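J.: Predicted structure and sequence below. I'll ask about it afterward.
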Amino acid sequence: MVKYRHIILLGILLLGAILISGCNAEQNAAQAKNGDIVQVDYTGTLENGTVFDTSVGREPLNFTLGEGQMIPKFEQAVLGMKIGESKTFTIPADEAYGQYSDDLVRVIDREELTNIPNPEVGQQLYGSQTDGTTITGTITNVTDTTVTVDFNPPLAGKNLTFEIELVSIQ
């Protein structure tokens, strides 16, 4: 009788292990779709290999697919991925932050910047467009009489390569 209890107990343990592994396989088989909240580990690089952003050493990137929270091509790359899957892809400048525009570089008289008494290269400025949207600019040059501000996004004109891994789907 004791012998049969061990066999039954072993059978129950094996059945439990099979059920648990089946559940994990089912979860891992899920593919990311619009409306899912996903977590992605990523590293973004420029064509010369410079890392411009990464989640390494931080929490994974968390966003809802299909809500426009990310660059559209980034979201498209995540769609259909399974947990643990990795991929590398490049987003051309036109489909990321657009091309660099000389028209977005302004030379401003220092007298107009009364709220910034000591402008410095690299300093961020915030302004409003005629439609009321806020824009950010970076000071790129300072002289005795003028300040040059670049209102292009920092990654404008650059192709962006991402290495990503889908961490979770909720």
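T.: Sure thing, it's come through.

J.: Can you classify residue 77 by secondary structure?
T.: Secondary structure state of residue 77, per DSSP: H, G, I helix; E, B strand; the rest coil, is helix.

J.: do residue 111 as well
T.: Residue 111 is classified as helix under three-state DSSP.

J.: what's around it, how many residues?
T.: The local packing of residue 111 (other CB atoms under 10 Å) involves 8 other residues. Just so you know, the C-beta spots here come from the backbone N, C-alpha and C atoms, and that holds for glycine as well.

J.: Would you quantify the distance from it to residue 157?
T.: 31 Å (CB to CB, to the nearest Å).

J.: contacts for stretch 53-63?
T.: The contact list for stretch 53-63, computed with CB atoms under 8 Å, 6 or more residues apart in numbering, reads 37-44, 69-70, 167-168.

J.: After whichever strand or helix holds residue 135, which helix or strand is next?
T.: Using DSSP states H and E, residue 135 maps to strand 134-142. Sequence order places strand 146-150 as the next helix or strand after strand 134-142, per DSSP H and E.

J.: and that following strand, C-alpha only, in CSV?
T.: Written as CSV, here are the backbone C-alpha positions of strand 146-150 (Å, rounded to 0.1, in the frame of the first residue of the first chain):
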residue,chain,number,x,y,z
THR,A,146,23.2,87.4,-29.8
VAL,A,147,22.2,84.0,-28.7
THR,A,148,21.7,81.2,-31.3
VAL,A,149,19.0,78.7,-30.4
ASP,A,150,18.4,75.4,-32.2
